[in-house]
Every structure is written in C-alpha cells, then in structure tokens.
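Trainee: Show me the folded form of this:
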Amino acid sequence: MSDTHFTGTKKSGGWRSILGRGPETLEELIHCLEEVFTDVEMVIHAGDITSQTVLDELKKFGPVEAVQGNMDRSKLSSLPEERVLEIEGRKIGVVHGWGAPGGIQQRIRSRFQDVDVIIYGHTHEPFNEIIDGVLFFNPGSPTDNFFAPYKSVGILEVEQEIRGRIVKL
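Mentor: Residues are numbered from 1 along each chain as shown. Okay, the predicted model is just below:
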C-alpha cells in the first residue's frame with residue numbers, strides 16, 4: 001500500500017479533508033483492510049504514511065516493511081528512502097517516488113539494479129504493468145482518489161511468477 005496520509009488517527013488536513021475523500025480515521029481504514037488483507041504474509045508501505053501509528057496498526061496483518069515518502073521526512077526519518085526486499089528468491093525494490101507523474105517509472109527505475117518488481121507510490125494512481133521485464137506496481141491510495149479513478153490497495157503474489165492485483169476499496 002501507499003499514500004495513507006494519516007496524522008495520528010485522523011487523515012491529514014488540507015483539501016483532502018475538505019473534499020471528504022476516503023476513510024476519515026485510521027480505525028475506518030483498518031476495518032476496510034480486514035477483508036482484503038486476510039491472507040497476506042507481509043504488508044509493504046511505499047511511503048507518505050505520516051504517522052508511526054499507521055505502521056503499528058498495520059502490524060495486525062503481519063510484518064510491515066516501509067520506506068519514507070516526501071511527507072514522512074520529519075516524523076518517520078528513520079525509515080529508508082528505498083530498500084530491496086528478497087522474497088521467495090525474488091528481488092523487490094520499494095521506493096515512494098518523486099516529481100510529476102509523467103516519467104515516474106523511468107526515474108524510479110534508475111534507483112534499482114537487478115530487481116523483479118518495483119513497488120512505488122506518490123502519484124496515488126494504481127499501476128500494474130511490466131516494463132522491460134520489471135513489474136512496476138503502484139497500489140494507489142486507500143484514502144484518496146483525487147488523482148485516481150478510485151481508492152485502492154494492491155496484492156502482490158510472489159510465486160513462480162509475480163503477479164500484482166489492484167483492489168478497489
């Protein structure tokens with residue numbers, strides 16, 4: 001998942017709150033995720049978490065791996081900006097992303113060598129496509145669909161093949 005944008009137990013302010021998009025509380029978000037994350041073995045958060053409480057609550061579903069997004073630098077600065085996870089012998093790069101949505105895949109690709117998947121966020125737009133042999137997977141945002149057609153999270157199945165699935169909330 002990515003781009004939860006919670007401050008403590010409430011969504012961060014500004015125009016997102018004015019428009020009333022997505023779950024308003026962390027409790028509502030966790031409730032939405034209970035059905036979707038029933039069988040997950042790990043939760044990966046690609047940044048713009050904005051509160052340690054979010055990571056603590058996500059641990060209800062399993063181990064949590066996360067990177068910091070551009071909104072996390074002051075409160076979650078101990079998180080790395082990028083990381084590579086090895087799962088079932090596959091290498092998965094995780095980064096938040098930066099800049100305008102156009103060209104983001106090229107920018108983040110330059111950060112990783114020899115990976116099978118790159119999980120990223122930042123744009124809030126779900127994306128699930130193989131480009132030059134690498135699966136680029138953006139789960140979207142579960143709390144905001146201002147820049148996307150719907151709120152979403154993603155499920156990544158790592159087996160013989162790696163498959164990503166976007167889940168609309």
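Trainee: burial measure for residue 81, as a count.
Mentor: Neighbour count of residue 81, defined by other Cβ atoms under 10 Å: 17. Every residue, glycine included, has its C-beta placed from N, CA and C.
Trainee: An error on my part: the question was meant for residue 114.
Mentor: Neighbourhood size, residue 114 [other Cβ under 10 Å]: 8.
Trainee: right, and it touches residue 91 too?
Mentor: Yes: counting by Cβ atoms under 8 Å, residue 91 is a contact partner of residue 114 at 6.3 Å.
Trainee: just how off-centre is the lengthiest helix in the chain within its chain?
Mentor: The helix that spans the most residues within the chain, counting by DSSP state H, is helix 26-36. Helix 26-36 sits 15 Å away from the centroid of its parent chain (Cα atoms, centre = their mean, to the nearest Å).
Trainee: Name the residues that touch it?
Mentor: For helix 26-36, the surrounding residues in contact (Cβ atoms under 8 Å, 6 or more residues apart in numbering) are 4, 6, 8-10, 22-23, 51, 53-54, 57-58, 60-61, 142-143, 153, 155, 167, 169.
Trainee: Out of these, name the ones that lie in helices.
Mentor: Mapping these onto helices (DSSP H) picks out 53-54, 57-58.
Trainee: End to end on stretch 58-65, go ahead and measure it.
Mentor: Chord length of stretch 58-65, first to last residue, is 10 Å (Cα to Cα, to the nearest Å).
Trainee: One more: stretch 35-45?
Mentor: Start to finish, the residues bounding stretch 35-45 are 18 Å apart (Cα to Cα).
Trainee: Show me what counts as buried in that stretch.
Mentor: For stretch 35-45, burial by neighbour count (16 or more other Cβ atoms under 10 Å) applies to 36-37, 40, 43-45.
Trainee: Tell me how confident the model is about the longest helix of the chain, as a mean pLDDT.
Mentor: Averaging pLDDT along helix 26-36 gives 92.
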